[in-house]
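A.B. asks: Predicted model follows, preceded by the sequence.
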Amino acid sequence: MRILGIESSCDECAAAVVEDGRRVLSNVVATQIESHAVFNGVVPEIASRLHVEWIQDVVSRALADAGTGMSEIDGVAVTIKPGLAGSLLVGLSFAKALAWALDLPLVGVNHILAHLYSPQLYETIPYPFIGLIVSGGHTLICRADGFDDISVMGTTIDDAVGEAFDKVAKHYGLGYPGGLAIDRLARNGDARSCRFPSPNLYKGEHRYDVSYSGLKTAAIRQLEQFWDPAWPRTDENIAASFEKAAIDLLLSRLAKAVEDTGIRTVVAGGGVAANTYLRRRLSEKKDVRAIFPPLELCGDNGAMVAGLGCRMLERGDRDGLDLNVSPRVPSFRRLQT
Ligand code: KG4
Ligand code: ZN
């Protein structure tokens, strides 16, 4: 089954062709980073306008790169939630038009689940596993029992982890997007220069939750308080200290999730899954099998949408032309402990 996947939920205009939910035949990502960089954040109106201008070329290139025509496509998958309403609508309208014109099955895909599917484009990962979905909008630790069957164990009670990276980078003018800028600077910094406090551990059913608003405030407003004066106040040192605090928090919650469930496979997805320190530290853990998507599939892309869409179409899922977008973050059930 050859599926065209379309992704336009935020600032990447992306399309890909994937065969049997596994073989990535093409993956085209047109990023709008430059257009939003001057504003230090994604401007929704600009994002949807650029999707309108680019989507046809992006889809055409994905088909050309895959060496396939639309007549060889068996179905169209498109991100419908969550994301920016105007941006999502561009992808959905384009997908609907294609599906209608060529009489192809259409399926709407959840962006969060698609991130978790990314590593599954390359290998069969047996369920259950612990999922870590970390991006600019989401921070989820979950138990995954199927491609769309997840139970949330922990989430952020305030900011998403990627959002914290972005805000700290913005404050210190480290670069845009912030996560990548901090990752690069941190490689030449020393995390011992500033020891941020870690948030109080939440007990009971919230023991896997994380919080980033305190760390963000500490990094932006209270640096003096936590800085070790023996170290120079460089961007590199700020980046390394913040990165360590932000990622160590995730690692501590993951360690608990692994210990409590006895599930030793951890599968990561989302933009922050590209973080060098996270990848290294999780891969070093002896009692865990850590699986990451390749770097180019950590951020938003069409291949993850086509892959997950393929699984859904195989199961018989079909959406009609009345399909709509849903900008809000969907609520998943919580794991009963
Ligand atoms: O998955 P994604 O492309 O979009 C959303 O669904 O949000 O994730 C974007 C987020 C941004 O917050 C960006 O700063 C962060 O991922 N990010 C990183 C890295 N690369 C991107 N954060 C930490 N380290 C990185 N290398
Ligand atoms: Zn994303």
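C.D. replies: Arrived safely, thanks for sending. Ligands and ions are numbered 1, 2, ... in the order given.

A.B. asks: Can you name the residues of this protein that neighbour ligand 1?
C.D. replies: The chain comes close to ligand 1 at residues 10, 135-137, 162, 165-166, 177-180, 183, 270-272, 274-275, 299-300, as judged by C-beta under 6 Å from any ligand atom. Every C-beta, even on glycine, is put in place using the N, C-alpha and C of the backbone.

A.B. asks: where do the strands sit along the stretch 1-150 of the chain?
C.D. replies: Taking DSSP state E, counting those that start in this stretch, the strands of the stretch 1-150 of the chain run over residues 2-7, 12-19, 23-31, 75-81, 106-110, 129-134, 139-146, 149-155.

A.B. asks: and this structure, which residues reach ligand 2?
C.D. replies: 135, 300 (C-beta under 5 Å from the ion).

A.B. asks: so which residue of the stretch 101-250 of the chain comes closest to ligand 1?
C.D. replies: Here the residue of the stretch 101-250 of the chain nearest ligand 1 is residue 179; by C-beta to the nearest ligand atom that distance is 2.2 Å.

A.B. asks: quick one: which helix or strand includes the nearest residue to that residue once chain neighbours are set aside?
C.D. replies: Distances taken as C-beta to C-beta, 6 or more residues apart in numbering place residue 165 nearest to residue 179, at 4.1 Å, with adjacent residues excluded. Residue 165 belongs to helix 161-172 when elements are defined using DSSP states H and E.

A.B. asks: Any chance you could give me that helix in CSV, C-alpha atoms only?
C.D. replies: Extracted in CSV, the C-alpha atoms of helix 161-172 (Å, rounded to 0.1, in the frame of the first residue of the first chain):
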residue,chain,number,x,y,z
VAL,A,161,9.9,21.0,27.0
GLY,A,162,10.6,22.4,23.5
GLU,A,163,8.7,25.6,24.4
ALA,A,164,11.0,26.1,27.4
PHE,A,165,14.1,25.6,25.1
ASP,A,166,12.6,28.2,22.7
LYS,A,167,11.8,30.7,25.3
VAL,A,168,15.2,30.5,27.0
ALA,A,169,17.0,30.8,23.7
LYS,A,170,14.8,33.8,22.7
HIS,A,171,15.6,35.6,26.0
TYR,A,172,19.3,35.2,25.6
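
A.B. asks: just the angle between that helix and strand 129-134, please?
C.D. replies: 30 degrees (axes from the mean of the first three to the mean of the last three C-alpha atoms, to 10 degrees).

A.B. asks: Which residues lie in contact with the nearest residue to residue 86 once chain neighbours are set aside in this structure?
C.D. replies: Spatial nearest neighbour of residue 86, excluding adjacent residues (C-beta to C-beta, 6+ apart): residue 48 at 3.4 Å. When contacts are counted by C-beta atoms under 8 Å, 6 or more residues apart in numbering, residue 48 is found next to 84, 86, 87, 89, 90.

A.B. asks: So what touches the helix holding residue 165?
C.D. replies: Under C-beta under 8 Å, 6+ apart, the answer for helix 161-172 is 40-41, 134-137, 139, 159, 174-179, 181-182, 210, 212-213, 215-216, 219-220, 235, 238, 242-243, 246, 250, 270-272.

A.B. asks: Return the subset of these lying in helices.
C.D. replies: Judged by DSSP state H, the contacts of helix 161-172 include 178-179, 181-182, 213, 215-216, 219-220, 235, 238, 242-243, 246, 250 as members of helices.

A.B. asks: closest to ligand 2 among those?
C.D. replies: residue 179 (11.8 Å; C-beta to the ion).

A.B. asks: That closest one: what's it in contact with?
C.D. replies: Listed by C-beta under 8 Å, 6+ apart, the contact partners of residue 179 are 136, 162, 165, 166, 169, 271, 272, 274, 275.

A.B. asks: hmm, 7 Å instead?
C.D. replies: Neighbour list for residue 179: 162, 165, 166, 271, 272, 275 [criterion: C-beta atoms under 7 Å, 6 or more residues apart in numbering].

A.B. asks: which one among these gets closest to residue 75?
C.D. replies: residue 271 (26.7 Å; C-beta to C-beta).

A.B. asks: Hmm, residue 133 and that closest one touching each other?
C.D. replies: No. The pair residue 271 / residue 133 is not scored as a contact, 10.2 Å apart, by C-beta atoms under 7 Å.

A.B. asks: Of these two, which one has the most company?
C.D. replies: Per other C-beta atoms under 10 Å, whichever of residue 271 and residue 133 has more neighbours is residue 133, with 28 against 25.
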